[in-house]
Each structure stands twice: as C-alpha cells, then as structure tokens.
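Undergrad: Here is the input, now give the coordinates:
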Amino acid sequence: MSRTPREQRPLVLRNANFRGLWISSTAGIFGTSVAAVALPLIAAVELDASNFAVAALSGVGFLPWLLFGLPIGALVDRYRRKPLVMAALVIRITVLMTLPVAFWLDRLSVAQLFVVSFLSGLAAVFSMLAESALVPLAVKREELIEGNGLMTGSAASADAVGRGLGGWLTGAWGASNSLLLQVAASTVSLASVASLKVQETRTASDNPGAARIFRDMGEGLRYSFSTAPLRTILLVGALWNLGGAIVVSLMVILVVRTLGESGAMLGFLTASTALGGTLGGLTVKRVTQRWGSGTVWRFSMLPAAAGYASLLLMTPGWGMVPGFIGLFLAGYAISMNVVVSTSFRQRVCPPGMLGRLGSASRMVTWGMLAIAGVIGGVLVESLGIRAAVLIGLGIAFLAPAAAALGPLRGIRDLEDLEPETVETGLEVR
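TA: Numbers count the residues shown, from 1 in each chain. Sure, this is the predicted structure:
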C-alpha cells in the first residue's frame, strides 16, 4: 500500500508530540554534554583534585541508576510521565545553578561537585525514564526504529556540539561558568515537554501503597531477565558499559594531564564520538534493513572497542588524530547498537511495563558506569594511566565476543523473536 503525502514526510515534521520529545531530548543532551566536559575540568584544573577524584566523578552521576533506578521505574509506571519530566527538569536546573554561584562566591569544593553530580543524576533518572516511556505513546510501533534513530542521531549531534562548545567555553569563560549553558538548555527542554499533548491514563490514584511498589520493582527486574533476547542484550550491554566507561573516565587524565592538551582539545576529541553517533543514528534504519537488526547488534561493538583502543596511539599535537578517527568510529557503532537494542525492548514491552523495564535495564547497564568511574580511579592511581586504559579495553572487547558466541549468534532480525519475548507470564496491567 502506498503511503500518503503526510506519511512520506519526516516523522519530526508530521508528529507534533514526537517533535516536542525530540526537541526536549536534544536540548537535554546538549546541556548534559557541556557538563560532561566541564565537571571533570572543574575538578582537574580549577580545584586541582586527585586523579582518583577526577575519574570517580565521571561515575557519580550514574550512581542513582544503581541505587534508585528500580523504585523510580515503578513510580514512572504509576504516575503521568509528563509532570514527572517537568518536575525533574526544574530540580536539575536549580541544583546545577549552585555550582556557578559557589564559584562566584569562591566557595566551590570537590565535595560540592560530587553532591551536585549525584543530585543532577537523580533528577535525570526521573526525566529520562519518563521521557523514554512517552515515546511509544507519541509514535506508532512501526515508527519506533525511525523515531529512536532520529532521537539518537540528533542527540549525538547535540552531544558533539555541546562537548566541543563546552571545551571551548571552559577556556573562554571558565569551567564553572560554562555550566550556565546547561541551565539554559534544560530550560528549553522544560518548555518543550510542557507543550506535549499525549494521552496518559495512569494517575497517582492508581497507587495502592509501598507494598505494591516493591512488587512492581520485582516484576520489572524479572521481566528484564525473562527471555533469552532481553537477558542477553542486557548483560552484554552491561559488560560493554563497564569496560568502555573505565576508558572514558580516564579521558581527562590522559588528554589534559598526561598529554598536556587543553580543555578545548578534550571537548573536540569527545565531540568526534558524538559526530559518529549522529551518522549512526541517521543511517541505522537503512543498515538494519540491509543486514538485519540482530547482525548489527552483534557486530557493532567490535569497531566501537577498536575505536577506543586508538586512544593509546595518541601523542601531543597532530598525534591526536588517531583518537579523533577512532572515537568517531566508536560513536557510529555505539549509536546503532543503542538504537537497535532500545527499539527491540520498546517493541516487545507492554506499555504498562515500559518504566519498570527501562529502569531495570538501566540499573544494570548504567549502574556499570558508576562502578567504572571508581575502578578507573583505583587503576590509574595504582597502575598508571596506560595500564588502566588497557584493562578497560580488555573488558570492552569481551562484549562483542560474548555477543558473537551467545544465544543470539545466529539471529538476523531481533524482531523475529517478538512472540517469545512477549509471553512472560508477568502482570503488566
């Protein structure tokens, strides 16, 4: 059946609700990327913190996923998602503003960096889970790959611009003052979410008490491990995140302290990852149609790990080029892997389970990011920067090996596994 002229238009133009989510997500990623460059540079340059503190700081923002991801996911499935996103954004804006204010008053400390990173991460758990659960309400099931591809691609573009601009601003304005840009971006996200007109039926009156919340948490965790496809994707993702995040947590120490490059160079270097992610998000639909989503999921992590390995080839000046090329390749591959795995989970998951599935999945995979920062800090203090990076790379390379040898090794299209995945026997209301 031929598509109507309206259906032939890009999703972001024909669907106002998706457009609002797209703008909110893109602006939010832009601001987060500025902070991702600024926070460790504040610690390393403005406060002269230890190598352990600089590395560990990269994981603190993900610690709330490990500690509170499950109960927050259960709450997201009980309450209307739009107000949750808006409340979380207001809290995040307020918390982040304390850093430039403390800098202006000459009261900024490493301890405050850790506290603000944790609280901002906690607000992000609410906003990201609720926003992700809104996507299937805003688009049709057959539009999920296109929608997630657009959001991932634009998010990667925003990530690239945010990191590049954030690195430059740390030199022009100071690392603390550059956080004002994240506050502005979060305000744009807030306005975009406020414009959404999605139909949500779940309300706070559905909440029967704490006992039910804990039961919901258990259901979300069991659902995440209920079938071989969900279980395999989750565990391989956790393994990848652990190794990759160890490497990423050491980037500031490697680039700024070991190679003697500027914060601007760090920002542009990490922006190359996001530029690769932009291309990955924009091309994932065509690539999966050609090779199959299962094939893309299995093999995308291998070039990603190889891209991270290029960091060990970098030397000052023009010797940074291998890092730019490698991180671009890593970003491209990671982006496609994320789109495929996210779309598969959203496709097979009943609407009433989306928040719990998202929280349980991210508790496992993103919880590794929190642990990786601490491990990276311990490794760099005890073994040195290059040995620490090598250990992270070794763990990261285990992920594509596990994917190639695991139960999904012969599957071309993950969508073919949908009937098995849906039949879990769990209550999803």
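
Undergrad: What segments of the stretch 1-150 of the chain are helices?
TA: 5-8, 11-14, 16-41, 51-60, 63-76, 81-104, 110-138, 144-172 (DSSP state H, counting those that start in this stretch).

Undergrad: nearest to Gly384, of those helices?
TA: helix 51-60 (9.8 Å; CB to CB). For every residue, glycine as well, the C-beta is placed using N, CA and C.

Undergrad: starting at the chain centroid, how far to that closest one?
TA: Between the centre of helix 51-60 and the centre of its chain there are 18 Å (CA atoms, centre = their mean, to the nearest Å).

Undergrad: same deal with stretch 370-386?
TA: Relative to where its chain is centred, stretch 370-386 has its mean C-alpha point 21 Å off (CA atoms, centre = their mean).

Undergrad: now swap in stretch 46-65 and tell me
TA: 17 Å.

Undergrad: number of nearby residues for Asn177?
TA: When neighbours are counted by other CB atoms under 10 Å, Asn177 registers 16.

Undergrad: Find the residue closest to it in space, skipping its chain neighbours.
TA: Pro100 (5.6 Å; CB to CB, 6 or more residues apart in numbering).

Undergrad: next one: phi and psi at Ser109?
TA: phi -140, psi 160 (degrees, to the nearest 10).

Undergrad: Asp48 too?
TA: phi 50, psi 50.

Undergrad: That one: how many residues sit nearby?
TA: Using other CB under 10 Å: Asp48 sits among 10 other residues.

Undergrad: same check, this time on Gly260
TA: Neighbour tally, Gly260, other CB under 10 Å: 10.

Undergrad: Out of the helices of the stretch 1-150 of the chain, flag the one nearest Arg298.
TA: Relative to Arg298, the nearest member of the helices of the stretch 1-150 of the chain by CB to CB is helix 144-172, separated by 17.2 Å.

Undergrad: which parts of the helix or strand following the closest one are buried?
TA: Counting by DSSP states H and E, the element after helix 144-172 in chain order, helix or strand, is helix 180-194. Within helix 180-194, the residues scored as buried using 16 or more other CB atoms under 10 Å are Leu180, Leu181, Gln182, Val183, Ala185, Ser186, Val188, Ser189, Leu190, Ser192, Val193.

Undergrad: Just send these back as TSV, with pLDDT and distance to Met251 too.
TA: Below are those laid out as TSV (pLDDT from 0 to 100; distance: CB to CB, whole Å):
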residue	pLDDT	distance to Met251
Leu180	89	23
Leu181	87	20
Gln182	85	19
Val183	89	24
Ala185	89	22
Ser186	89	24
Val188	90	27
Ser189	89	26
Leu190	90	30
Ser192	86	30
Val193	85	31
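
Undergrad: Farthest-apart pair in those residues, please.
TA: Across the buried residues of helix 180-194 (CB to CB), the longest gap, 20.8 Å, separates Leu180 and Val193.

Undergrad: any idea how far Trp104 lies from Asn177?
TA: Using CB to CB, to the nearest Å, Trp104 is found at 9 Å from Asn177.

Undergrad: Let me fix that, I meant to ask about Leu129.
TA: From Leu129 over to Asn177 (counting by CB to CB), the distance is 31 Å.

Undergrad: Report the distance from stretch 242-251 to the chain centre.
TA: Chain-centre distance of stretch 242-251: 14 Å, with CA atoms, centre = their mean.

Undergrad: Pull out the buried positions in it.
TA: Leu242, Gly243, Gly244, Ala245, Ile246, Val247, Val248, Ser249, Leu250, Met251.

Undergrad: and if you look at stretch 258-269?
TA: Thr258, Leu259, Glu261, Ser262, Gly263, Ala264, Met265, Leu266, Gly267, Phe268, Leu269.

Undergrad: Need the phi and psi values for the fifth one.
TA: The one in question is Gly263. Torsion angles, degrees, to the nearest 10, at Gly263: phi -60, psi -30.

Undergrad: Could you do the third one as well?
TA: In this entry, Glu261 is assigned phi and psi values of phi -90, psi 170 (degrees, to the nearest 10).

Undergrad: so how far is Val252 from it?
TA: From Glu261 across to Val252, the span is 10 Å (CB to CB).

Undergrad: Contacts for stretch 11-30, please.
TA: 6-7, 85, 89, 127, 131, 134-135, 137-139, 143, 146-147, 150-151, 154-155, 157-159, 161-162, 185-186, 188-190, 192-193, 195-198 (CB atoms under 8 Å, 6 or more residues apart in numbering).

Undergrad: Using PDB, list the CA coordinates for it.
TA: Provided in PDB are the C-alpha atoms of stretch 11-30 (Å, rounded to 0.1, in the frame of the first residue of the first chain):
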ATOM      1  CA  LEU A  11       8.400  11.900  11.500                       C
ATOM      2  CA  VAL A  12       9.700  15.000  13.200                       C
ATOM      3  CA  LEU A  13       7.500  17.200  10.900                       C
ATOM      4  CA  ARG A  14       4.300  15.100  10.800                       C
ATOM      5  CA  ASN A  15       4.100  14.300  14.500                       C
ATOM      6  CA  ALA A  16       3.900  17.300  16.900                       C
ATOM      7  CA  ASN A  17       4.200  15.200  20.100                       C
ATOM      8  CA  PHE A  18       7.300  13.400  18.800                       C
ATOM      9  CA  ARG A  19       8.700  16.800  17.700                       C
ATOM     10  CA  GLY A  20       8.300  18.000  21.300                       C
ATOM     11  CA  LEU A  21      10.100  14.900  22.700                       C
ATOM     12  CA  TRP A  22      12.800  15.300  20.100                       C
ATOM     13  CA  ILE A  23      13.500  18.900  21.000                       C
ATOM     14  CA  SER A  24      13.500  18.200  24.700                       C
ATOM     15  CA  SER A  25      15.800  15.200  24.300                       C
ATOM     16  CA  THR A  26      18.200  17.100  22.000                       C
ATOM     17  CA  ALA A  27      18.400  20.200  24.200                       C
ATOM     18  CA  GLY A  28      18.800  18.000  27.300                       C
ATOM     19  CA  ILE A  29      21.700  16.000  25.700                       C
ATOM     20  CA  PHE A  30      23.300  19.300  24.600                       C
END
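
Undergrad: Let's test this: mean pLDDT of that stretch, rounded?
TA: The average pLDDT for stretch 11-30 rounds to 81.

Undergrad: now stretch 291-311
TA: Rounded mean pLDDT across stretch 291-311 is 90.

Undergrad: Can you list the buried residues in it?
TA: 292-311.

Undergrad: Show me the residue sitting in the middle of this protein in space.
TA: Closest to where the C-alpha atoms of the chain average out (CA atoms, centre = their mean) is Trp366, at 7.9 Å.

Undergrad: ok, it - contacts?
TA: Taking CB under 8 Å, 6+ apart as the test, what Trp366 contacts is Phe62, Trp65, Leu66, Gly69, Asn241.

Undergrad: Not counting its neighbours along the chain, what's nearest Met217?
TA: Met217's closest residue in space is Leu70 (CB to CB, 6+ apart), at 4.2 Å.
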